[in-house]
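**Student:** The following comprises the amino acid sequence and a computationally predicted model.
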Amino acid sequence: MKVLVADTFEKSGLDGLTAAGCDVVYEPELKDDALTEAIASSGADVLVVRSTKVTTPMLDAGRVSLIVRAGAGYNTIDVAGASTRGIYVANCPGKNAIAVAELAFALILALDRRIPDNVAALRAGTWNKKEFAQAQGLFGRTLALLGVGAIGQEMVRRAAGFGMNVVIWSRRYDGQDRPITEAEARALGVEAALRSIAIELAPTPAEAAARGDVVSVHVALAPETKQLVNAAVLARMKPGATLINTARGEVVDYAALASAVKARGLKVGLDVYANEPAAATAPFAEPLAAMPGVYGTHHIGASTDQAQEAIAAETVRIVRSYQDTGHVPNAVNLARRTPATHMLVVRHRDRPGVLAHVFAHLRQAHLNVQETENIVFEGAQAAVARINLDGVPDAALCRAIKSGNADVLDVQLVTL
């Protein structure tokens, strides 16, 4: 299997792919048309990227059947286009969670103790203990988390260590389309430490923001989270409170945030921006980042050696699984539920031509197979095929399938 790695990638990951028997092409500077041409000329089966954009022309350029985002977010990949072409998209969720949580807390502490301003004053030859001795401290204060996925959960654990109370709002929990429950919230992190702090749920982002001394954003970018933190949410924050965004720039209305910094004295820590340069080094103009009380970093949340090694190992695991079994761990573009309405359960002898016989009858009846699974019993003498269909096979069709081949033992129909 040929793997094209089109972004910077750990040597341990490259070595792991090679050890798995992959033919690895490492060209970390590829972008845009050059990447499209490389996909076409290399004949790569797998494309590995980090922040590089993957566009429709790239999907059509060659034979790539799996795209691995060596990180958590995958908004730079045309996932919808990949889905229509039958191309898997997989990510490496949770592998950078600790690194991002560490940076988020670094920003919280830096804002509370004004560490960059301390450093700047000392470098300028100024001693001003009276000015910089003013800080609120974190113990006993409340951290409001918008999102409680892998990173949010690491934030809870660190908040417990600092003795902070926690308020949580979530739209999804552990990848499921449901909010976290009270019991799950209390089970997060180090239970012994959580006994000494309060942990509560909030029904809305605005309510969570209203309760927090520090509000930290940890939601994935999606249509429903774009500018989740808007003027209305910011208006509910306490005067002088702190907002941290290490998620995506687009989930916060930065124009409204700039106004809130001026009007209500909010302190802000940012690692992400809506219009980040594509290059690693480039001019950067974000008015908010230049405002007093705003500290920024260069989208480095996941950029620790530990996180990158973990992501590299997960990428190797995904590619190895795909190569060896055809299964793609962490695939993000598989249908949670297909249009299938009925399941045909066919118990049969494990003989050549049995499933071909079944599928031929389904095709003649214009029934589309949405999903199929064939489970073979010990000894490889018999099997059960479960076939999800987008319509209802009538009784006559079921009889024809059963009677038309001596190796079909039974046919059952199940409504999904």
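**Tutor:** Now that the structure is in, tell me what you want to look at. Numbering: from 1, shown residues only.
**Student:** that's a helix at residue 154, yeah?
**Tutor:** Yes: according to DSSP: H, G, I helix; E, B strand; the rest coil, residue 154 belongs to a helix.
**Student:** okay, now it: neighbour count?
**Tutor:** By other C-beta atoms under 10 Å, 22 other residues sit near residue 154. Glycine gets a C-beta too; all of them are placed from N, C-alpha and C.
**Student:** what sits against it?
**Tutor:** Contacts here follow C-beta atoms under 8 Å, 6 or more residues apart in numbering; on that basis residue 154 touches 97, 98, 100, 101.
**Student:** My read is that the first one contacts residue 148, right?
**Tutor:** What it means is residue 97. No: counting by C-beta atoms under 8 Å, residue 148 is not a contact partner of residue 97; they are 11.3 Å apart.
**Student:** Which one's more surrounded, these two?
**Tutor:** Applying other C-beta under 10 Å to residue 97 and residue 148 shows that residue 148 carries more neighbours, namely 26 against 22.
**Student:** How about stretch 12-32, which residues are buried there?
**Tutor:** 13, 14, 16, 17, 20, 22, 24, 25, 26, 30 (16 or more other C-beta atoms under 10 Å).
**Student:** hmm, who's touching stretch 42-50?
**Tutor:** Applying C-beta under 8 Å, 6+ apart, the external contacts of stretch 42-50 come out as 1-9, 22, 25, 38-39, 54, 58, 62-71, 76-77, 315, 319, 322.
**Student:** Buried subset of those residues, written for PyMOL?
**Tutor:** The PyMOL command for the buried members of the contacts of stretch 42-50 (criterion: 16+ other C-beta under 10 Å) is given here:
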select buried, resi 1+3+4+5+6+7+9+22+25+38+39+54+58+62+64+65+66+67+68+69+70+71+77+315+319+322
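**Student:** Among the contacts of stretch 42-50, which ones are in helices?
**Tutor:** 38, 39, 58, 315, 319, 322 (DSSP state H).
**Student:** Out of these, which two sit at the greatest distance?
**Tutor:** Spatially, the most separated pair among those is 38 and 322, at 20.1 Å (C-beta to C-beta).
**Student:** Quote the end-to-end distance of stretch 122-141.
**Tutor:** Stretch 122-141 has its terminal residues 29 Å apart, counting by C-alpha to C-alpha, to the nearest Å.
**Student:** can you list the residues that contact stretch 409-416?
**Tutor:** 340-349, 382, 388, 392-393, 398, 401-402.
**Student:** Buried by neighbour count, from those: which ones?
**Tutor:** 340, 342, 343, 344, 346, 348, 382, 388, 393, 398, 401, 402.
**Student:** Starting from the helix or strand containing the last one, tell me the next helix or strand along the chain.
**Tutor:** Okay, so that is residue 402. Secondary structure from DSSP states H and E places residue 402 in helix 395-403. Sequence-wise, the next helix or strand downstream of helix 395-403 (DSSP H and E) is strand 408-415.
**Student:** Give me the distance from stretch 365-380 to the chain's centre.
**Tutor:** 31 Å (C-alpha atoms, centre = their mean, to the nearest Å).
**Student:** Hmm, I typed the wrong one, I wanted stretch 332-350.
**Tutor:** Remark: stretch 332-350 is offset 26 Å from the chain centroid, using C-alpha atoms, centre = their mean.
**Student:** Stretch 52-59 too?
**Tutor:** Distance, stretch centre to chain centre, for stretch 52-59: 19 Å (C-alpha atoms, centre = their mean).
**Student:** For it, buried residues please.
**Tutor:** In stretch 52-59, counting by 16+ other C-beta under 10 Å, buried: 52, 54, 55, 58, 59.
**Student:** same check, this time on stretch 254-268
**Tutor:** Of the residues in stretch 254-268, 254, 256, 257, 258, 260, 261, 266, 267, 268 count as buried by neighbour count, 16+ other C-beta under 10 Å.
**Student:** out of those residues, which are inside helices?
**Tutor:** Going by DSSP H, the helices hold 254, 256, 257, 258, 260, 261 from those.
**Student:** nearest to residue 305, of the residues you listed?
**Tutor:** Of these, the one sitting nearest to residue 305 (C-beta to C-beta) turns out to be residue 254, at 30.4 Å.
**Student:** separation between the closest one and residue 25?
**Tutor:** 38 Å (C-beta to C-beta, to the nearest Å).
**Student:** so what's residue 25 bridging to?
**Tutor:** Per DSSP bridges, the residues bridged to residue 25 are residue 4.
**Student:** quick one: the helices in the stretch 151-300 of the chain?
**Tutor:** According to DSSP state H, counting those that start in this stretch, the stretch 151-300 of the chain carries its helices in the segments 182-187, 191-194, 205-211, 231-236, 254-264.
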